[in-house]
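1. this is the structure alone, sequence omitted:
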């Protein structure tokens, strides 16, 4: 499978715990996005990388959220001290100019904070 | 900040009928994309529109980009049960890379 891969697919955690999600984009894609989606809503932009540089970060991303893409390949999204309001699906997507800027989404990582 | 709105939020369609969903941006866009998300799935790219007034067709789906590049529409003819899902538009501003999604139109098809 050469699509965008995310893991874990599902995570249930207790409030206050830290969680980390990983995204492996399509290999030749230099741009990587994180979005968050709650039930009945459209995806909300969180952050964007071009290669290893984090170029844009939403105001939705509080200090408890951090994302990295250390070698310009895979990316991680960490949420510290989780709150119930963090429960959502976290979507990773990748693209490149050679793909016509079409954004390819992974299947998402579902987070439930109890 | 940029806002993208879609109407209607819900669309109940009799199988075989046509319908249209609309997307409006608060700012001028460089391009607009449409995605479909099946229940329990992830958004899947359908099409990108770039030019003012552009119209593209994919089988029973017709996509249009407004002349002012601030609105778009998706028209589906002869709706089938396979058309069930949520259709999102997502716009990109001229100088940015971020895609801003609308709230989606949830389509239910009555057989």
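-> Thanks, I have the structure now. Predicted model only: the values in this text are computed from it and were never measured.
2. where in the chain is pLDDT low?
-> I went with chain A, as the question did not name one. Across chain A, the ranges flagged by pLDDT under 70 are A:1.
3. switch to chain B, that's the one I care about
-> Of all residues in chain B, those with pLDDT under 70 make up the ranges B:94-96.
4. quick one: the helices in it?
-> Secondary structure of chain B (DSSP state H): no helices present.
5. close to chain A: what parts of it are there?
-> Contact residues, chain B versus chain A (Cβ under 8 Å from any Cβ of the partner chain): B:4, B:6, B:31, B:33, B:35, B:41-45, B:48, B:88, B:90, B:92, B:96-104. C-betas here are computed from N, CA, C, even on glycine.
6. in strands only, show me the residues you listed.
-> Of the residues of chain B next to chain A, the ones assigned to strands by DSSP state E are B:4, B:6, B:31, B:33, B:35, B:44-45, B:48, B:88, B:90, B:92, B:99-101.
7. closest to residue A:60 among those residues?
-> Compare each of those with residue A:60 using Cβ to Cβ and the shortest gap goes to residue B:100, at 12.1 Å.
8. can you name the residues bridging to the closest one?
-> The residues listed as beta-bridge partners of residue B:100 by DSSP bridges are residue B:91.
9. give me the contact status of stretch A:96-114 with chain B.
-> Yes: part of stretch A:96-114 sits near chain B under the criterion Cβ under 8 Å from any Cβ, namely A:100, A:101, A:102, A:103, A:104, A:105, A:106, A:107, A:108.
10. give me the buried entries from the ones in strands among the residues of chain B next to chain A.
-> Buried residues within these, counting neighbours by 16 or more other Cβ atoms under 10 Å in any protein chain shown: B:4, B:6, B:31, B:33, B:35, B:45, B:48, B:88, B:90, B:92, B:99-101.
11. touching the helix or strand hosting residue A:46 from outside, list them.
-> Element membership for residue A:46, per DSSP states H and E: strand A:44-50. If you take Cβ atoms under 8 Å, 6 or more residues apart in numbering or on different chains as the criterion, strand A:44-50 is touched by A:30-37, A:54-58, A:60-61, A:65, A:67, A:69, A:72, A:75, A:77, A:90, B:97-101.
12. for the residue of chain A found nearest chain B, which three-state class applies?
-> Distance from chain B to each residue of chain A (Cβ to the nearest Cβ) is smallest for residue A:42, at 3.7 Å. Following DSSP: H, G, I helix; E, B strand; the rest coil, the label given to residue A:42 is coil.
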